Every structure is written in C-alpha cells, then in structure tokens.
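[1] from the sequence below, what's the structure:
(2 chains)
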Amino acid sequence: MILPNQPNFKSHFAELLHHAASKVASSDLTTRIELARTKQAKHGDYSCNLAMQLAKPLHKNPREIATLLIDALPPSPYLEKAEVAGAGFINLFLQISAKQQFPYYVLKHGSNFGHQNIGAGKKIQVEFVSANPTGPLHVGHGRGAAFGASLANILAAAGFTVTREYYVNDAGRQMDILALSTWLRYLQLNGFTIPFPKNAYQGEYVRDMAQLIEKAHGKRYVHQPDLLLQNLSSTPLEIEVDEEEQLNKWIVSAKKILGEDYAYIHNFALTEQLGDCRNDLMEFGVEFDTWLSEQSLFDNGMVAHAVELLEKKNYLYQQDGATWFRSTHFGDEKDRVVQRENGQFTYFASDIAYHLNKFERGFDQMIDVWGADHHGYVSRIKGAIQALALDPAKLEISLVQFAVLYREGKKAPMSTRSGEFVTLRDLRREVGKDAARFFYVMRKSDQHLDFDLDLAKSQSNDNPVYYIQYAYARVCSVMAQWDEDAAILHSTDTTMLTSPMELALLQKLIDFPDMVESAARESAPHLIAFYLRELASEFHSYYNATRFLVTEIPLRHARLALVASVQQVLRNGLALLDVSAPEKM
RNA sequence: GUGCCCGUAGCUCAAUCGGAUAGAGCACCAGCCUUCUAAGCUGGGGGUUACAGGUUCGAUCCCUGUCGGGCACGCCA
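    As a prediction, the model looks like this:
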C-alpha cells in the first residue's frame, strides 16, 4: 500500500497510476503521467489521459488499456473508485473521508500549508526590475517588479532556494546623461543661463538633486561654466545636427571641465537614484538579496575576460574597426558588436559577462524577467551562452508585456523622457500597494495588461482585491465572535461536513498545493490570483448559505475547522503575492 | 519590409505544456438584509475561439496562408 507523505492527493494518484502503468506497459515507459482536475462532478475529482497516450505504442484500444490500468492500481485508502469514461479517460474519485479530514492537514501546516518540494532545494536566481537608475521607477517597471517578486515567493514556496537580484546599469551613457543633467541644473541653480538639451533628463528630480548638492557643497562644483558655453556654442544653431551626437559632446566637455569632480556628480546621482529606487520597491513589498553592479564587471575585468573567452573559441571577428560576435551562428538575425571602434565595450559585452558570472555562481536555474520590448535581445544572449559552452536551458527569459493605465475609461498618457510619466510611487499612492501588486499579476505575463485605476481604487465587490480580502476579514470576524482557542479545531471531528458546498470548498483547499506547483513550474503568478478569487467566491457562497456558529457544538467545530482552513489558505495565497490580509474591513 | 508576441461572450480575461458540453468577473434582467460584516449571495440570457485550409481518436492550443493589433529591428542601454 502506498500512502502520501504529504497532503497531495493528485501526486499520490499519479504515483498509483505510475505503478499500474509499469505493470501494464512493461519497462520502457516514457509517457509522463498527467492528472487533471475534472470540470464535472460525474467525472470524479481527477482524470487521466494516460490510456489514450499509450494507445499508439501499445497498439491497443484506449478503453481496453484504461481497464487494465485500473485493475493494476495498487490499493489506497484515499481512492474511492476509478472508472473508464469517454474515449478512454480514467476518472479517479477521491474518498469523501479524505476530503473531510483535510482541514487537519491545513491547520497542522499553518503558514507552510501549500508549500511543495519540487524545487528540492535547487538554487534558482530571479533577476528582475534592473531598471536604469536614471530616474524614478514608472508604472512599466511596476509590473516586472510585482511579477518577479511574486514569482520568487512562489518558487520559494515550491522548494527552491531563491536569490532575488537587481542588476544595476551603473555604467554607460545613460548614467553620463544623468550626471550631465544634474550638473547643468546645478549650474542653472547658481545663476548661470545655460540651455538644457531636450534629450537630457527633464524630470523634476534632477533639479532636486542639484539642490541637494548646492545645499551640501555650495558653489564647490561651479567650474568654468563659460568654457562649457563656449564648447556648446561652437556649433551654429542653424545647422542640423545629430542631437544624440551633440549630447555626447556635452558629456565629454563636462568631464573635461569637472575633472575629478565629475566622479562625484556621477556617483551622487547614482547613489541618490538607486536609493530612491530601493526605497520605492521596499514600500512596494519588493526586496532583493543582491544588487549587482555593471560597473563592477568592468572594474574586476569580467567583461574583458568574457570577450577574451569568445575570442578563444573563435566566435569573434573584426570589421569596420569594431569587434563582432558571430551571433548569427546561433540563430540571431545579425551579428552584434561587443567592442566599438573607439575601444569601448558595448552593453551587450557586459551583459555576456554578467550571464557568465551568473553561471559561475553555480545557480541550477536562472530566470531573467525582461520587458517585452527586449524580446529581440533573447537570441543573442542565448547565443552568447551557447558560445561559452554553457547550458542555455538553465536560463529562462520571462518577457513581461506592458501595462497600460486606464482612468475613466481612457488611456492615461505615459512617456519617459518628457517627464510626463506616471511613477510607480504615484500609482501606489493612488490605488494602494495591495491593489497595485494584485492588479499587476492578475493577467498572464505575456498578455498586455489593462490596468483600470478606478476599479483598483473602488471599494466594491467588483474589485477582486477587496473581494478576497473581504472573505478573509469575514472569517476573522466569525472567529473573533466564537472567541475560543482555535487549537481545538486542529483535532476536531470533521466528518459531518457533507453538503455539496462543503465538499466543493474542501476540494478547493486540496487544490492549493497543486496551484503553487503549477504557478512555479509555469512561472505564472496569475494562477494564484485566479485561484484566490475562486476560493473567496466559494467561501462567500458558503457563508451566505450556512451558519457557522450553530448551537450544536460538534457541527459548529467542524464548520469552524473548515472556515479556519479557508482563512489559512487565503492568507498563504495572499502572502505569495505580498498582498495584506486585513482582519477587519 | 523582416522577425517575435497576440487575436476567445458587448467589455476585461481564464482554460493545468493536444482532452470530455470553452469557463469567470463586469455590464444587462429578476430576486435575497430582525440571523456570524450586503465590500456579500441566488437565478437568467449571452460563442462558428479573427478567417480559410491541414495534421489525428480529439485542436482555443500544433503546421501553412490571409486579415487585424502590439513590440523589436543602433558601434543606445
């Protein structure tokens, strides 16, 4: 007899079928045992299509195979019966007593209920957000943050050892533009009339930084602004010039004039923005284990080292003065530059070094969470990994689609450079952290998200966040009125839970560990969001149809055990999404 | 123009890596508060899964084409 070592009947049944299959189909069985929850009660609780899968290799009728499999099933106290149905489905019926006893498992495991061990402690790294620290996070970053954080929680619950990482793009041109922007605002603050390029950072936060520098150091960084102006005016305004090229000249000029002080401005802006970002994320419930600096990869020679490795493996060539990586060899549409004509490494080069670094740190699996606009980047980074003789299967790249805000039925405008964007902080202030976190993961990540601000704010049953939290608060209220030690519910007799609604609710609780597993395996936090909505819905129905605090004590305790289990699962599920579970509303 | 993603009820979205009669919520209609929180519940109508073929026991899912939408196509990051 085989008994489950954890309250997971689905995997238990899968195990039974596996044993049956090894008898029926002899040795070479490669078909995976897939169990599915049924949609209709007459099909039992779980169904399996194994017989249909085996029909071809065994050259037999599926229904015939199904019968053989059922006959070969080892006995189990949890299996009421198994039936052949339809084209050859095997329908499994869970013992009613197994369902009735389930609150015992839920209450016993408490906040750990639902946790799985499919990860088996394997080290997995989730890298997400990784936004340039050149300004406040906006609502686009919010989705990546919510998705990555929830996914990391789910993976941890599924038994993985998770490292949450933020890759800091502190090297490169964007940071230089920020430093320049800050200095220009600083000079303006000190009374110099200097034009501000439109492709520099326009945001108010740049002026704030300038003010902070002014407050702390006075005119310490006012260096030869006349010289800067001279350099700038060298290009006549009438002549059409490449604005980006022009901005580069400004940066070069600023570096020359500031000398060693440039590093101060640069570092100040970086520290300030990164601190703001970290703080913002923390208030959003998102925290990281490691922040890895791109600049550090240059400083410790990792970038040069990575490029050298590619060179040794003959995947590089020179053309037009630059060094190219042969990414077309790995399915990319064109080759990519790793080192520019001017000798500087590209962002791609440091990213190769970064991924090499990830592999060297010994993660069993890695997940990169990127905005969907980076999808064209996937093949080249996978190519580089292959070129370095690393296993690309260890790296999963999750592309998260954009979120579009809707206010009063209309799109809310958002663009980064113009300064007219909605920040993540603004969004949190408007709808609250809980609603923001939930709404961001309510949809499948590869699906565009329409974020309805009015709905997120509304305190109504239309709002899924409140709907779920309200279910939790209702249980809390009942428990408070009962006002006895909940510990006695852990061992109470629950066999009088027999109504269809109670059995459905019990089955819903049984499903939770499977949901955690699916969400982890498919990198799909939205499954948890949907599950919680359904669980809350079934609870509300039960609540309206049944009185819990009945005078008959055994029945009261049985129902309270069920309700307390619902409470526990709601709390555990919300915790995976970092959404709070308020006791009163 | 080329590549990737997407197209499911009036709207917003699911559908457990090909499974049984494609499901929820909103909106619409009709009901439920002397009773544990009505921020709730009950019932009802809503579909040729963009379109046309193909693959097989079986297709929203896989393949081909068409139409429509998004994104990407730098020695930017």
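
[2] how about residue A:373, what does it touch?
    Taking C-beta atoms under 8 Å, 6 or more residues apart in numbering as the contact definition, residue A:373 lies against residue A:402. Every residue, glycine included, has its C-beta placed from N, CA and C.

[3] cool, residue A:54 as well?
    For residue A:54, counting by C-beta under 8 Å, 6+ apart, the contacting residues are A:21, A:24, A:25, A:31, A:60, A:62, A:65.

[4] equivalent analysis for residue A:141, please.
    Taking C-beta under 8 Å, 6+ apart, we find residue A:141 in contact with A:129, A:131, A:424.

[5] same list, the contacts of residue A:54, but as a markdown table with pLDDT and secondary structure please.
    Written out in a markdown table, the entries for the contacts of residue A:54 read as follows (pLDDT from 0 to 100; DSSP: H, G, I helix; E, B strand; the rest coil):
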| residue | pLDDT | secondary structure |
| --- | --- | --- |
| A:21 | 87 | helix |
| A:24 | 82 | helix |
| A:25 | 76 | coil |
| A:31 | 66 | coil |
| A:60 | 85 | coil |
| A:62 | 89 | helix |
| A:65 | 91 | helix |
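
[6] just the buried ones out of these, please.
    Burial of the contacts of residue A:54 was assessed by neighbour count (16 or more other C-beta atoms under 10 Å); the buried members are A:21, A:24, A:25, A:60, A:62, A:65.

[7] scan the contacts of residue A:141 and report the most crowded one.
    In terms of neighbours by other C-beta atoms under 10 Å, the contacts of residue A:141 top out with residue A:424 at 27 neighbours.

[8] ok, back up a step: quick one: which of the contacts of residue A:141 is nearest RNA strand B?
    Proximity of these to RNA strand B (C-beta to the nearest atom of the strand) peaks at residue A:131, which lies at 8.8 Å.

[9] the residue in chain A that RNA strand B sits nearest to: neighbour count?
    Sorted by distance to RNA strand B under C-beta to the nearest atom of the strand, the residues of chain A start with residue A:461, at 1.4 Å. Here the count is done by other C-beta under 10 Å, and residue A:461 has 10 residues near it.

[10] which residues in the stretch 401-550 of chain A form strands?
    Under the criterion DSSP state E, counting those that start in this stretch, the stretch 401-550 of chain A contains strands at A:403-407, A:410-411, A:449-452.

[11] for those strands, give me CSV that also has distance to RNA strand B.
    Listed next are the strands of the stretch 401-550 of chain A as CSV, based on distance: least, C-beta to the nearest atom of the strand, whole Å:
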stretch, distance to RNA strand B
strand A:403-407, 8
strand A:410-411, 11
strand A:449-452, 4
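
[12] reformat those as CSV; add mean neighbour count, mean pLDDT and distance to residue A:298.
    Below are the strands of the stretch 401-550 of chain A laid out as CSV (neighbours: other C-beta atoms under 10 Å; pLDDT from 0 to 100; distance: least, C-beta to C-beta, whole Å):
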stretch, mean neighbour count, mean pLDDT, distance to residue A:298
strand A:403-407, 18, 87, 33
strand A:410-411, 9, 82, 40
strand A:449-452, 19, 90, 36
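
[13] dump the ones you listed into JSON lines; add distance to residue A:330 as well.
    Rendered in JSON lines, the data for these read as follows (distance: least, C-beta to C-beta, whole Å):
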{"stretch": "strand A:403-407", "distance to residue A:330": "32"}
{"stretch": "strand A:410-411", "distance to residue A:330": "39"}
{"stretch": "strand A:449-452", "distance to residue A:330": "32"}
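
[14] residue A:120: neighbour count?
    Using other C-beta under 10 Å, residue A:120 has 11 neighbouring residues.

[15] for it, give me phi and psi.
    Recorded main-chain torsions at residue A:120 are phi 50, psi 40, according to degrees, to the nearest 10.

[16] hey, where'd the strands end up in the stretch 251-400 of chain A?
    A:290-293, A:316-319, A:322-325, A:336-339, A:365-371, A:395-400.

[17] returning to that earlier point: just the ones of the contacts of residue A:141 in helices?
    For these, the ones inside helices are residue A:424, with DSSP state H as the criterion.

[18] quick check, pLDDT for residue A:332.
    If you check residue A:332, the pLDDT there is 89.

[19] about what we covered before: could you list which of the buried ones among the contacts of residue A:54 also contact RNA strand B?
    Residues shared between the buried ones among the contacts of residue A:54 and the neighbourhood of RNA strand B are residue A:62 [C-beta under 7 Å from any atom of the strand].

[20] between the buried ones among the contacts of residue A:54, which sits nearest residue A:452?
    Taking C-beta to C-beta as the measure, residue A:452 lies nearest residue A:62 of the buried ones among the contacts of residue A:54, at 46.0 Å.

[21] how many residues are close by the closest residue to that closest one other than its chain neighbours?
    Among residues not flanking residue A:62 along the chain, residue A:88 sits closest, at 2.8 Å (C-beta to C-beta, 6 or more residues apart in numbering). Residues near residue A:88, counting by other C-beta under 10 Å, number 23.

[22] what does residue A:88 show for phi and psi?
    The phi and psi torsions at residue A:88 (degrees, to the nearest 10) take the values phi 140, psi 20.

[23] which residues touch it?
    For residue A:88, the contacting residues are A:49, A:51, A:52, A:55, A:61, A:62, A:63, A:65, A:66, taking C-beta under 8 Å, 6+ apart as the criterion.

[24] same check on residue A:444?
    Residues A:524, A:526 are the ones in contact with residue A:444 under the rule C-beta under 8 Å, 6+ apart.

[25] hmm, 6 Å instead?
    With contacts defined as C-beta atoms under 6 Å, 6 or more residues apart in numbering, residue A:444 is in contact with residue A:526.

[26] over to residue A:9?
    Counting by C-beta under 6 Å, 6+ apart, residue A:9 touches A:78, A:94.

[27] tell me the spacing between it and residue A:92.
    9 Å (C-beta to C-beta, to the nearest Å).

[28] can you check residue A:407 too?
    Taking C-beta to C-beta as the criterion, residue A:407 is separated from residue A:92 by 49 Å.

[29] thinking again about what came up before, would a markdown table of the buried ones among the contacts of residue A:54 with distance to residue A:581 be doable?
    Shown next, in a markdown table, are the buried ones among the contacts of residue A:54 (distance: C-beta to C-beta, whole Å):
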| residue | distance to residue A:581 |
| --- | --- |
| A:21 | 42 |
| A:24 | 47 |
| A:25 | 47 |
| A:60 | 51 |
| A:62 | 46 |
| A:65 | 47 |
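
[30] hmm, back to that, buried members of the contacts of residue A:88 into ChimeraX, please.
    Filtering the contacts of residue A:88 down to the buried ones (16+ other C-beta under 10 Å) takes a single ChimeraX command:
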select /A:49,51,52,55,62,63,65,66
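
[31] which one of the contacts of residue A:88 is nearest to residue A:207?
    Checking the contacts of residue A:88 one by one against residue A:207 (C-beta to C-beta), the nearest turns out to be residue A:49, at 63.4 Å.

[32] for that closest one, what are phi and psi?
    Backbone geometry at residue A:49, expressed as degrees, to the nearest 10, gives phi -100, psi 20.

[33] ends of stretch A:33-49, what's the gap?
    Taking C-alpha to C-alpha, to the nearest Å as the measure, stretch A:33-49 stretches 8 Å from start to finish.
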